[in-house]
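1. what would the 3D arrangement of this be:
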Amino acid sequence: MRHRYLLSSGEQHTGYGMLNKIANWISSALLGCSALLALLLSFLVVADVLGRVIFNSPVKGTPEIVSMSIVIICFLQASYAIRSGGMLHVDAIQKILPQRFQALLTLLGYLLGIAFFIVVVYGGIDPLAHSWNSNEFEGEGALRVPTWPARSAVILGAALATLEYLLLFLADLRKLRSTDQHPSQSDGFIL
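-> As a prediction, this is how the structure comes out:
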């Protein structure tokens, strides 16, 4: 994994360093969980197709399980994608700007990411509470899938994505401040 904010050995024992280690562990664990869920989902889809073609009897509830699982997989992977630098980044205009402006635009992007995922968390709390309290289900007939696991995954993933953007923001702000204090080292500043 390509970490965008590595810590020196002295910073690893600070509060920031511990938070970074915990966030790394959580995002890696959630990536593993989402990969396992995707694997299990692929077996379900194959069983559904084979059942439909060979026995003329598909696995009941497959569309509902697949639709909920895709949402869960996407949001469980969000923090890892941010941490590893895997989020979409368009830099056609940014590359022609001076390095200082590039750094400031990157910081602005992190702030926008923080704001977006805070809105997702805030907007997901009431629907989660409603789905939990009203015992909300998706689907009709043979298999009904509860909606609260997907809604919980959205909130958890968005909260961790917010944390990842915050950690990136703080790390890059530190780099920007250190290059301001030591201008001779500014050639090594890379975001």
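
2. what segments of the chain are strands?
-> For the chain, applying DSSP state E gives strands covering 137-138, 145-146.

3. would you reformat those as JSON lines and include distance to Thr14?
-> In short, each C-beta sits where N, CA and C put it, glycine included. Output for the strands of the chain, formatted as JSON lines (distance: least, CB to CB, whole Å):
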{"stretch": "strand 137-138", "distance to Thr14": "44"}
{"stretch": "strand 145-146", "distance to Thr14": "41"}
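
4. of those, which approaches Tyr80 most closely?
-> Among the strands of the chain, strand 145-146 comes nearest to Tyr80, with 25.1 Å by CB to CB.

5. picking that back up, redo the strands of the chain as CSV? Include distance to Leu30 and mean pLDDT.
-> Shown next, in CSV, are the strands of the chain (distance: least, CB to CB, whole Å; pLDDT from 0 to 100):
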stretch, distance to Leu30, mean pLDDT
strand 137-138, 22, 89
strand 145-146, 20, 90
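
6. mean neighbour count and distance to Asp91 added to the ones you listed, as TSV?
-> Formatted as TSV, the strands of the chain follow (neighbours: other CB atoms under 10 Å; distance: least, CB to CB, whole Å):
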stretch	mean neighbour count	distance to Asp91
strand 137-138	16	39
strand 145-146	16	40
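
7. which one of those lies closest to Thr162?
-> strand 145-146 (25.3 Å).

8. so which elements touch that closest one?
-> helix 62-83, strand 137-138 (3 or more CB pairs under 8 Å, 6 or more residues apart in numbering; DSSP states H and E).
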